[in-house]
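Engineer: Sequence and predicted structure below; questions after.
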Amino acid sequence: MANHLPTVELQSIDARHHLHPFTDQGELNRRGTRVISRAEGVYIFDNDGARILDGMSGLWNVCLGYGRRDIIEAIRRQLECLPFYNTFFQCTHPPATLLAERIARLAPDGLDHVFFTSSGSEANDTVMRMVRHYWAVMGKPAKSVLIARVNAYHGSTVAGASLGGMAAMHAQGGLPIPGIERIGQPHWFGEGRDMTPDAFGRARARELADAIGRIGEDRVAAFIAEPIQGAGGVVIPPESYWPEIAAICARHEILLVADEVICGFGRLGRWFGCDHYAIRPDIMTFAKGVTSGYMPLGGVIVSKDVAGTLIDRGGEFFHGYTYSGHPAACAAGMATLAALEEEHVIERVREETAPYLRERWLALGDHPLVGEARMTGLIGALELVRSKEPVRFFEAPGKVGTMCRDISVAGGLVMRAVAERMVIAPPLVITRAEIDELADKARATLDRTLEAVRREGLV
């Protein structure tokens with residue numbers, strides 16, 4: 001929609017009628033919404049014309065940047081041909097069928113069936129039902145407990161939020177639902193600095209074995225985790241962590257579920273986070289980057305063994321969504337994956353832009369406010385601290401992070417604040433020049449934030 005309304009009028013209308021996700025609505029209405037009116041490449045523009053480098057790819061998802069005519073045209077052509085038909089009642093359509101085939105080709109060996117949803121939240125809801133149904137079909141209905149991690153994020157639906165480990169979400173709406181257990185997160189800087197990273201990674205992985213022993217292997221259905229925890233503050237596990245987790249699942253009769261909603265489709269310089277960590281899960285969930293955010297689409301990629309059991313012995317799976325495999329969303333997915341392949345975007349991330357951004361980003365670790373700078377692929381975080389030696393954290397969680405976020409956006413860069421962690425995940429198509437701009441603006445943001453926290457006596 002073209003906009004011809006002044007910002008203040010849009011803010012007034014928004015305050016009267018629009019309830020925002022993950023928002024203190026009263027505070028937002030007092031401050032006024034930030035109105036984003038257009039975007040191009042790696043930049044967004046607010047309603048008053050300010051250009052802002054989108055260091056978060058929208059919400060982790062606009063991997064090819066804004067204004068891609070090839071994706072827009074694919075959606076338009078599909079809407080003209082078949083704007084909608086469902087995939088219930090023994091029906092399909094070419095976009096869903098061909099996208100399922102393409103995703104199966106790109107996924108790790110042996111994961112070759114795709115169930116479509118409209119989001120990562122729906123995909124993780126589907127996982128909960130699917131793994132429980134699978135074990136019931138296998139004659140083991142007691143295997144219904146899912147193990148997840150503290151501070152993980154798997155969506156905001158009832159099942160997704162329950163699988164996630166966000167205490168603030170669990171405090172609302174009677175969550176989590178039963179049948180979910182939790183182990184610690186592999187966050188070395190925040191929780192393991194008294195050990196080497198490798199020792200800490202193995203220790204956190206062994207918590208899974210301990211949980212299986214405590215709960216009983218005959219009751220545990222699956223372990224679900226993000227390769228890198230995104231919304232939890234970009235928690236990058238030590239290299240020892242994932243091999244140990246995979247070995248534990250293999251030793252026990254436990255399905256390994258990788259939530260690839262953020263890491264999937266190139267974020268780590270490989271097609272999937274599982275490829276980066278050289279593990280093969282039984283089930284993977286995806287969303288976000290599969291359409292570069294141009295249409296809502298998510299799904300579940302299922303191994304040959306699990307899918308074969310459900311197909312041969314499971315009967316009807318009483319689950320699905322009106323928009324499972326929406327034609328226009330699948331057309332957007334086909335165009336996005338074609339661009340990622342044909343333009344060698346992921347190879348360029350792995351070989352050029354991710355190493356360069358990592359070099360520039362880790363250099364920010366010398367700033368007085370930064371306790372740790374970390375990055376893998378094109379996803380990174382800065383831990384803001386009161387002091388570096390010894391490490392001391394801020395006492396009011398989120399206050400300094402929010403200040404830093406607002407200063408950053410005012411300075412022309414979107415960084416996300418997760419408590420006192422400043423997070424970035426820029427579009428995969430970001431150039432070296434734009435990386436320089438991002439890093440320079442991030443350092444300027446840190447300088448201005450340090451001035452602000454000194455004025456308020458926080459350091």
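Structural biologist: Perfect, thanks for sending it. Numbering: from 1, shown residues only.

Engineer: all helices for the stretch 1-150 of the chain, in order.
Structural biologist: Along the stretch 1-150 of the chain, the stretches classed as helices by DSSP state H, counting those that start in this stretch are 7-17, 25-31, 57-60, 69-81, 94-106, 120-137.

Engineer: so Asp14 touches Thr33, yeah?
Structural biologist: Yes. Using C-beta atoms under 8 Å, Asp14 is in contact with Thr33, at 4.7 Å. (Glycine included, C-beta is placed from N, CA and C.)

Engineer: In the protein, where is pLDDT below threshold?
Structural biologist: Scanning the chain for pLDDT under 70 picks out 1-3.

Engineer: centroid residue for it?
Structural biologist: Ile262 (2.8 Å; C-alpha atoms, centre = their mean).

Engineer: Count the neighbours of the residue nearest to that one when sequence neighbours are not counted for me.
Structural biologist: Once flanking residues are discounted, Ile262 sits nearest to Gly230: 3.9 Å by C-beta to C-beta, 6 or more residues apart in numbering. Neighbour count for Gly230, taken as other C-beta atoms under 10 Å: 25.

Engineer: now swap in Glu239 and tell me
Structural biologist: Neighbourhood size, Glu239 [other C-beta under 10 Å]: 11.

Engineer: so where do the strands sit in the stretch 301-450 of the chain?
Structural biologist: Here the stretch 301-450 of the chain has its strands, by DSSP state E, counting those that start in this stretch, at 370-376, 379-384, 416-418, 421-424.

Engineer: Against which helices or strands is the second one packed?
Structural biologist: It stands for strand 379-384. Applying 3 or more C-beta pairs under 8 Å, 6 or more residues apart in numbering; DSSP states H and E, one finds that strand 379-384 contacts helix 354-362, strand 370-376, helix 399-410, strand 421-424, helix 432-455.

Engineer: Please identify the most buried of those.
Structural biologist: strand 421-424 (a mean of 25; mean count of other C-beta atoms under 10 Å).

Engineer: Sheet partners, orientation included, of that strand?
Structural biologist: The pairing partners recorded for strand 421-424 under DSSP bridges are strand 379-384 (antiparallel), strand 416-418 (antiparallel).

Engineer: by how many degrees do the longest one and helix 399-410 diverge?
Structural biologist: Going back to what we said before, that points to strand 379-384. Strand 379-384 and helix 399-410 are oriented at 130 degrees to each other (axes from the mean of the first three to the mean of the last three C-alpha atoms, to 10 degrees).

Engineer: Run the angle between strand 379-384 and strand 370-376 for me.
Structural biologist: Using the same axes, to 10 degrees: strand 379-384 against strand 370-376 is 170 degrees.

Engineer: Any chance you could list what contacts strand 379-384?
Structural biologist: Residues outside strand 379-384 that contact it (C-beta atoms under 8 Å, 6 or more residues apart in numbering): 189-190, 228, 230, 233-234, 262-263, 267-268, 357-358, 361, 364-365, 369-375, 394, 400-401, 404, 418, 420-425, 442, 446, 449.

Engineer: The last one too?
Structural biologist: Outside of strand 416-418, the residues within contact range by C-beta under 8 Å, 6+ apart are 55-56, 231-234, 381, 398, 401-402, 404-405, 422-424.

Engineer: where does it sit relative to the chain's centre, distance-wise?
Structural biologist: Mean-position distance between strand 416-418 and its chain equals 13 Å (C-alpha atoms, centre = their mean, to the nearest Å).

Engineer: picking that back up, using a markdown table, lay out the helices and strands packed on strand 379-384 together with distance to Val220.
Structural biologist: Below are the helices and strands packed on strand 379-384 laid out as a markdown table (distance: least, C-beta to C-beta, whole Å):
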| stretch | distance to Val220 |
| --- | --- |
| helix 354-362 | 35 |
| strand 370-376 | 29 |
| helix 399-410 | 35 |
| strand 421-424 | 31 |
| helix 432-455 | 42 |
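
Engineer: for the stretch 251-400 of the chain, what spans make up the helices?
Structural biologist: Counting by DSSP H, counting those that start in this stretch, the helices of the stretch 251-400 of the chain are 273-277, 304-313, 327-342, 345-348, 354-362, 399-410.

Engineer: Let me know which of the ones you listed is the nearest to Leu28.
Structural biologist: Closest to Leu28 of those is helix 399-410 (C-beta to C-beta; 12.6 Å).

Engineer: which residues are contacting that closest one?
Structural biologist: 34, 52, 384, 394, 414-422, 441-442, 445-446, 448-449, 452-453, 458.

Engineer: what do you get for stretch 285-292?
Structural biologist: Applying C-beta under 8 Å, 6+ apart, the contact partners of stretch 285-292 are 59-65, 68, 71, 103, 117, 119-120, 123-124, 126-127, 257-262, 264-267, 297-301, 329, 332-333, 336-337, 339, 428.

Engineer: what about dumping the CA coordinates of that stretch to CSV?
Structural biologist: Provided in CSV are the C-alpha atoms of stretch 285-292 (Å, rounded to 0.1, in the frame of the first residue of the first chain):
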residue,chain,number,x,y,z
THR,A,285,11.7,-27.6,11.2
PHE,A,286,12.1,-24.6,8.9
ALA,A,287,10.5,-21.3,8.0
LYS,A,288,11.7,-17.7,7.6
GLY,A,289,14.5,-17.8,5.0
VAL,A,290,12.7,-20.4,2.8
THR,A,291,10.8,-17.5,1.1
SER,A,292,13.2,-14.7,2.2
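
Engineer: Show me which residues of it are buried.
Structural biologist: Within stretch 285-292, the residues scored as buried using 16 or more other C-beta atoms under 10 Å are Thr285, Phe286, Ala287, Lys288, Gly289, Val290, Thr291, Ser292.

Engineer: Including distance to His133, could those residues go into TSV?
Structural biologist: Formatted as TSV, these follow (distance: C-beta to C-beta, whole Å):
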residue	distance to His133
Thr285	16
Phe286	20
Ala287	21
Lys288	26
Gly289	28
Val290	24
Thr291	27
Ser292	32
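
Engineer: which of those residues sit farthest apart?
Structural biologist: Largest pairwise distance in those, by C-beta to C-beta, is 17.7 Å, between Thr285 and Ser292.

Engineer: Just the buried subset of the contacts of stretch 285-292, written out for PyMOL, thanks.
Structural biologist: For anyone working in PyMOL, the buried entries among the contacts of stretch 285-292, judged by 16+ other C-beta under 10 Å, can be selected with:
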select buried, resi 60+61+62+63+64+65+68+71+103+117+119+120+123+124+126+127+257+258+259+260+261+262+264+265+266+267+297+298+299+300+301+329+332+333+336+337+339+428
